[in-house]
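Mind folding the following:
(one chain, ligands or ions: 2)
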Amino acid sequence: MTSIRSAEQRDALIDALARRRFDGLEAILPEITNTARDLLSVDRVSIWLFSDDRRLLHRIEVCPECDHYPRSRPLTLDVTLRPDYTEQLLRDSVYRLSDRREMSPRAGDDLSRYLEQRGILSLLDSAIVIDDRVSGVLCHEHGTTRLWSPECRDIALRLADITADAIVFERRRRSAALGYQFRLLVEASADSIGMANAQGVIEYLNPTARRVLGLTGDEPVHGMKIEEFLAPNDRERMRASIIPAARETGSWTGRIRMLTRQARVFEATTTINVYRGRDGAVEYVGCVIRDLSFQIDAERRIAEVRANYEAALVKSGDTLFQIDTRTLQISNADEHFRDLLGYEAERYEHLTLLDISAETADEVRARVDQTLAEGHLLCGERRLRDVYGETVEVEMSMVRIGGYAGPAISVRLRDIRELAQRRRYVEQLAYFDPLTGLANSNFLRERAETMLAERLAMGGRVGFILLQIERWQRIFDIQGYQVAETLIRQAGFRIKDAFAGHDVTLARVLGGVEFGVLFDADAEADDELVRIAHTTFRDLFRAEEENIQLSICSGSAEAPQHAVNFKDLTKRAGIALRTAHARNMDHCYYDPAQSSRIRDERLIEEDLREAIGTSQLTLRYQPILADSTSECIWGMETLVRWQHPQFGFLPPSDFIPLAEETQLIVTLDRHILAAAARTAAAWTGPLAHAVLTVNVSGVTLMTADICRLLDDVLADSGLDPTRLCLEVTETSIMTDLAQAARSLARAHNLGVMIALDDFGTGYSSLAYLKDLPVDILKIDRDFVRGIGMDRRDERAIQTVVQMGHDLGIRVLAEGVETAPQRAWLWSQQVDLIQGFHIARPMTAEVACEGGLHTRFRC
Ligand code: C2E
Ligand code: CA
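Ligands and ions are numbered 1, 2, ... in the order given. Now for the predicted structure:
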């Protein structure tokens, strides 16, 4: 069944449609389906365009029920079209069903199901053939059974051909438009692009290629071969390997050395594409060339800079690497990295900054964040861990850099292990005792000062224990220097071990045989620490094959109860120590009562030994007047003065008793006696006949050969023995009266006078006086002080004067501080007076030049 139109009308309609195929696909396709429906009187006409895999169909449907017209939509079939369907279309160009029942049993598939679902009984498909391929169908569907006459098929075929023509035309139009745009792109490309035929003869070069290859103006390229633009060495490579590779895979990319018309060689990244025709033969070759000159130059410069930088780094010994700011992963580590941290190159990439840092993750992260925020960071001296877990000291700096994938951080490390070692050594020297490895006094002082400041401010307590090895001098004298040193070292090690579990600072102090233990008294119990210290010395020590027993004595004090600074704290602990020593106890806790006796006896004794014979010890002389009417200078009392380098001026009462305890007094007395005698022997003028009185300790009197001593002194100085008077204290001679009497007698026999000092303070019995060769009694200033105030004192003085005179002994009153005292004493027939009221102790120079004779007669 066809339409009622005549054959001529139909032909005219179809021809008109054929002419309109250039109007564009959008316009022509509805026309075609409308015309087909009209001419063939079918229910529905649609156009299906196949994708290459026959799965995707592009369906252009035109039907009465459709709102949109034409409707074009992609449609995916689940199955491929039956092969016999397209085969038949290829063979006959039409596929037709007059009744769905005509379909073969094999056809119980998609097509038949499709037709059934849509109620289609008759079908006529005419093939849209483009380039000998069935690219689609013009599909006529009818709801009732009908026969398709040859005429129908002819109309359908002609309409399908018009559809094919329209599609081809549209494609050409599009590709022409696209080709033009591609050409613009190629012309404007910064890369060099060229085309050559299968023989390698160049047919086209874009402007960049012309410029890069050095073609001038519009110099024609036709006839030139690609080879001419290759560096000689690469021509053979192109023939032998590059072109065959490109032929095989269709494309080749790599580096080639190119040659310009001006014979400049440059390196380029090149892509060669091979295009084949329908017959598979190579039609032409496309080339894209990127000149790498700039890049290579830049790379060379970067490499140069890097090499210089690395050379500088090699010299400086610095290490450089980068870290990822997020993962902290290490990259680009140089060879120094291995030297510094011991990691092999292949392990660098798995390391993070956290792996090599001895700090916490938070601290490391904080540094990275700060570097990111500020651009750079001098981290100062930091500790790293090497591959073996050992600490490595470095100086670290970080700089934020623009990495390939976002910001990164460049880290520089300077190895300061040697420096740190040297510094530690110097610190060691400054702060540690080389013999024991314990801290020294410097360290102890600094540590204590910091601790005192911190703890006392918080209301806390600081304790200090001073340990002393007893009878050290004897050990030293008997065993010698080397053994002594060995013992001290062992003692130091033992102390260190014993206190290992306690938070204390241990020091060897005074460079000697004393050890200090500084501790937080709120955290550590002092009695427990004392116990540990004493236990430490319980076992025998060993030196030079000998077992030696060392015993210690200790004292402790506490801040703020006993002192608030380091100096006082150690001094008080020292006083407690000496108290323990004196009382024969192991340990003494400081008690303020202990202080009054001495300052720091031990220290003073040591220092005094060294001070004798130096300018630290000087002598003063205090005038003694005689004769109440003429008040002339009778004599001068010698008084020693000590300017201690640390403690300043020390009165004799602070060191004379100490010197007496250690026998040092003998040396001291001998020294003073000799020096004073020499001075007095040289006195002239008003002092030419003055008596020199010198204080001599009872110890000296008892132990030394006093005769010999005096002989030496008198011979050495040339002083007339009658001008010398020895002052001895009443208490000192009472310890061994007989011996004292013998010594004094010997001295007296030489013509030397004897004065009994501090008379009245000790033994009130005067019975012994008649057995001693005493020339002068010195009334203690305690009595003088009572003159005018205490009758008992006055009476005591009167008694002494009376008694002395009875025994033929002159009486001297010392400590005269006021004019009334002086007047009263003269009125009581005191023979001699001395005191601040008359004159204070003075140097020999002042005594000689100070015009004593103008004040006193002689
Ligand atoms: P001392 O023998 O009774 O010495 C007299 C002391 O009284 C001296 O004190 C002297 O400076 C002080 N003095 C003198 N006039 C007055 C005064 O008017 N008022 C007061 N308050 N004091 C006065 P210094 O020098 O401190 O000597 C103290 C003691 O040290 C001496 O007592 C003496 O026992 C001893 N000493 C001093 N020099 C030597 C010495 O060279 N050898 C020895 N073995 N002992 C000495
Ligand atoms: Ca005296």
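
What is the least confident helix or strand in this structure?
The least trusted helix or strand in the chain, going by mean pLDDT, DSSP states H and E, turns out to be strand 71-76, with a mean of 48.

Next to ligand 2, which bits of this structure? Give me the list.
Asn695, Glu727, Asp757 (CB under 5 Å from the ion). Glycine gets a C-beta too; all of them are placed from N, C-alpha and C.

ChimeraX command to pick out the buried ones of the residues you listed?
The buried subset of the residues of the chain next to ligand 2, as determined by 16 or more other CB atoms under 10 Å, is captured in ChimeraX by this line:
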select :695,727,757
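
Mind checking which of the residues of the chain next to ligand 2 are in strands?
Counting by DSSP state E, the residues of the chain next to ligand 2 place Asn695, Glu727, Asp757 in strands.

overlap between those residues and the residues near ligand 1?
Contacts with ligand 1 within these, counted by CB under 6 Å from any ligand atom: Asn695, Glu727, Asp757.

I figured the first one hits Cys725, correct?
No - with contacts defined as CB atoms under 8 Å, Asn695 does not count as touching Cys725, sitting 10.2 Å away.

Identify the residues contacting Gln88.
With contact set as CB atoms under 8 Å, 6 or more residues apart in numbering, Gln88 has these partners: Tyr95.

which SSE is it in?
helix 83-92 (DSSP states H and E).

quick one: low-confidence parts of the stretch 451-600 of the chain?
Applying pLDDT under 70 to the stretch 451-600 of the chain flags residues 473-474, 476-477, 510-511, 593-600.

who's in contact with Ala813?
Lys778, Ile779, Phe783, Val784, Ile797, Gln821, Leu825, Val830, Leu832, Ile833, Gln834, Gly835.

from those, which ones fall inside helices?
Phe783, Val784, Ile797, Gln821, Leu825 (DSSP state H).

Specify which member of the residues you listed is nearest to ligand 1.
Val784 (7.9 Å; CB to the nearest ligand atom).

How much space separates the closest one from Asn695?
18 Å (CB to CB, to the nearest Å).

now Ser717
For Ser717 relative to Asn695 (CB to CB), the value is 17 Å.

Where do the strands of the stretch 651-800 of the chain begin and end?
Using DSSP state E, counting those that start in this stretch, the strands of the stretch 651-800 of the chain run over 691-695, 724-729, 753-759, 776-779.

of those strands, which approaches Arg261 most closely?
Arg261 sits nearest to strand 691-695 of all the strands of the stretch 651-800 of the chain, at 118.9 Å, using CB to CB.

Tell me which stretches of the stretch 451-600 of the chain form helices.
In the stretch 451-600 of the chain, the helices defined using DSSP state H, counting those that start in this stretch lie at 472-479, 481-498, 526-536, 566-582, 592-595.

The helix or strand following the shortest one packs against which elements?
Going down the chain from helix 592-595, the next helix or strand is helix 601-611, by DSSP H and E. Counting contacts by 3 or more CB pairs under 8 Å, 6 or more residues apart in numbering; DSSP states H and E, helix 601-611 packs against helix 566-582, strand 632-644, helix 652-661, helix 664-681.

Save the ones you listed as JSON lines, and put in mean neighbour count too.
JSON lines is the format used below for the helices and strands packed on helix 601-611 (neighbours: other CB atoms under 10 Å):
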{"stretch": "helix 566-582", "mean neighbour count": "22"}
{"stretch": "strand 632-644", "mean neighbour count": "21"}
{"stretch": "helix 652-661", "mean neighbour count": "18"}
{"stretch": "helix 664-681", "mean neighbour count": "21"}
